[in-house]
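Participant: this one's sequence-less:
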Ligand SMILES: Nc1ncnc2c1ncn2[C@@H]1O[C@H](COP(=O)(O)OP(=O)(O)O)[C@@H](O)[C@H]1O
Ligand SMILES: [Mg+2]
């Protein structure tokens, strides 16, 4: 299943909320996210399986033994291909011998097959795997290829959840090509496109957070929705920034947030985007804090 | 956090003191105070912070991170190469450039083994770019390795002209009959 929507629309929030209901009975929920400023092959896939291995290491010795045998059966003599990409797997399998050198095209096919076998070991009817890959708009071509391979493999109990910013994926994007090839192979992926918050939703949200009266909240909700288009992140950050600006204040005696009149907030004008808000908020930090955040970014 | 502390040349106490306002402001989230990792509250915040750096400063930071990670144990080799590559324009020492070229060859070969051919081509291209002048006489093995691997990968990626050009260059400069095959 694919969840789509622009940045801040709530994709990550909604897919993560599936964790409980999907794992309530049995199975594994593993997740990884592709990074916007760092492209290393398979990063999200590696993160997800690294977490799975860590979880499995806590299981009984008997189960681990069975897993070690299953992995050996499924991967031998090419286990090294997996441990080179996901080194944590070695903690279960032990060190793996080097693989035979093949020609370039055979190497591609071999890797695809070995990875499919690897996933089959975990994703079984008695313990299905939910693999969440977030921010596919930043995925590398190899990860997308791998995804396609998993989606067309019928011999595993895997639910693949993907989320991406559809407005940042154009016709030339590798994800578009991958989805087109998947469709050619007869694979389909149901999609869920997230809708913006309505004025009513935002009204409710403002009432819940500020304890404002229905009328006060209505005026602000209307203004906020016109500025943000109902994008949840934008709504949230706009309200925070206006509180920071001192235009909304917490009244301790009344125990609620107040704003003198809407005109003041309206006079601030519309903000173009969440990014503009964030740039402004960073600008208010002192140099040391900002430089540290830049280094972390 | 350890990398950021080293980069900023500060103790972890000082680092946390600097980060606290950003945590309070909801810009970053930490599992606990002094936790070894924290994350940006949203990718847009990371984007704002990253893009607020001048390109030159950005490259310098990547290079510094790459040099730190290069010395550290247990780091993902792809991560080291990525960081150094982002700052490669600022590397002046010929030996360091050569070493990075080798790292790109290695990373590319590793990527090829796991069918990550687009990524591999990127590493080979940067490896070739980092070669010194007169590469065939200055560092024959590395130059040959890059041409061969890049040539094969271009072929897998169906970029046949590029593949032919790389293989032709390798053949023209190869020293032995065996290598000319
Ligand atoms: N339906 C919603 N109502 C209120 N807040 C929401 C809703 N959906 C998302 N949010 C909040 O909006 C912010 C952005 O959501 P996120 O899932 O990170 O967006 P995306 O992954 O699409 O960029 C988060 O703080 C999240 O908690
Ligand atoms: Mg997200």
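Facilitator: Happy to help now that I have it. Because the structure is a prediction, the values reported are computed rather than measured. Residues are numbered from 1 along each chain as shown, chains lettered A, B, ... in the order given. Ligands and ions are numbered 1, 2, ... in the order given.
Participant: In this structure residue B:1 contacts residue B:39, no?
Facilitator: No - in this structure residue B:1 lies outside contact range of residue B:39 using C-beta atoms under 8 Å: 10.8 Å. Where C-beta positions appear, they are placed from N, C-alpha and C, glycine not excepted.
Participant: ok, the two, which is more surrounded?
Facilitator: Neighbours of residue B:1 and residue B:39, each counted by other C-beta atoms under 10 Å in any protein chain shown, are more numerous for residue B:1; the result is 17 against 14.
Participant: Name the residues that touch stretch A:91-103?
Facilitator: With contact meaning C-beta atoms under 8 Å, 6 or more residues apart in numbering or on different chains, stretch A:91-103 is reached by A:53, A:56-57, A:64, A:67-68, A:71-72, A:75, A:77-83, A:90, A:110, B:113.
Participant: Specify the residue ranges that define each domain of chain A.
Facilitator: Using automatic domain parsing, the domain ranges for chain A come out as A:2-193, A:199-288.
Participant: any idea of the mean pLDDT for stretch B:151-166?
Facilitator: Across stretch B:151-166, pLDDT averages out at 96.
Participant: Tell me the buried residues in that stretch?
Facilitator: Buried residues in stretch B:151-166, counted by 16 or more other C-beta atoms under 10 Å in any protein chain shown: B:151, B:152, B:153, B:154, B:155, B:156, B:157, B:159, B:162, B:163, B:166.
Participant: One more: stretch B:116-134?
Facilitator: Buried-residue list, stretch B:116-134, by 16+ other C-beta under 10 Å: B:116-128, B:130-131.
Participant: near chain A, from these?
Facilitator: Within the set of those, contact with chain A (C-beta under 8 Å from any C-beta of the partner chain) is found for B:116, B:117, B:118, B:119.
Participant: Please name the residues that touch the third one.
Facilitator: Spelled out, that is residue B:118. A:140, A:141, A:142, A:174, B:157.
Participant: wouldn't the third one be in contact with residue B:117 here?
Facilitator: Yes - contact between residue A:142 and residue B:117 holds when scored by C-beta under 8 Å: they sit 7.3 Å apart.
Participant: Give the burial count for whatever residue of chain B ends up closest to ligand 1, as a bare number.
Facilitator: Distance from ligand 1 to each residue of chain B (C-beta to the nearest ligand atom) is smallest for residue B:42, at 5.4 Å. The number of residues packed near residue B:42 is 20, by other C-beta under 10 Å.
Participant: which non-adjacent residue is nearest the residue in chain A that ligand 1 sits nearest to?
Facilitator: For chain A, the residue closest to ligand 1 is residue A:10, as judged by C-beta to the nearest ligand atom, at 2.7 Å. Excluding the flanking residues, the one nearest residue A:10 by C-beta to C-beta, 6 or more residues apart in numbering or on different chains is residue A:232, at 5.0 Å.
Participant: how close does that neighbour get to chain B?
Facilitator: 10 Å (C-beta to the nearest C-beta, to the nearest Å).
Participant: That residue contacts residue A:7, doesn't it?
Facilitator: No - assessed by C-beta under 8 Å, residue A:232 is found out of contact with residue A:7, at 10.7 Å.
Participant: How far does stretch A:25-41 stretch from one end to the other?
Facilitator: With C-alpha to C-alpha, to the nearest Å as the measure, stretch A:25-41 spans 33 Å from end to end.
Participant: Please see if that stretch touches ligand 1.
Facilitator: No - using C-beta under 6 Å from any ligand atom, we find that stretch A:25-41 stays clear of ligand 1, coming within 9.3 Å at best.
Participant: need the residues of the stretch 101-250 of chain A near ligand 1, please.
Facilitator: Within reach of ligand 1 by C-beta under 6 Å from any ligand atom, the stretch 101-250 of chain A has these residues: A:232, A:233, A:236.
Participant: ok so, going back, once you drop chain neighbours, what's closest to the residue of chain B closest to ligand 1?
Facilitator: residue A:233 (5.9 Å).
Participant: number of nearby residues for that neighbour?
Facilitator: Counted with other C-beta under 10 Å, residue A:233 comes out at 22.
Participant: Tell me the confidence at it?
Facilitator: The model's pLDDT for residue A:233 equals 98.
Participant: Please apply the same query to residue A:127.
Facilitator: On the pLDDT scale, residue A:127 gets 88.
Participant: about what we covered before: for ChimeraX, write the select line for the buried members of the contacts of stretch A:91-103.
Facilitator: To isolate the buried members of the contacts of stretch A:91-103 in ChimeraX, using 16+ other C-beta under 10 Å:
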select /A:53,56,67,71,72,75,78,79,80,81,82,83,90,110 /B:113
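Participant: Show residues contacting stretch A:256-274.
Facilitator: A:7-8, A:209-212, A:216, A:219-220, A:223, A:226-227, A:231, A:233-234, A:237-238, A:241-243, A:245, A:247-251, A:277, B:42, B:44.
Participant: Please list all residues in contact with residue 13.
Facilitator: No chain was given, so I picked chain A. Taking C-beta under 8 Å, 6+ apart as the test, what residue A:13 contacts is residue A:232.
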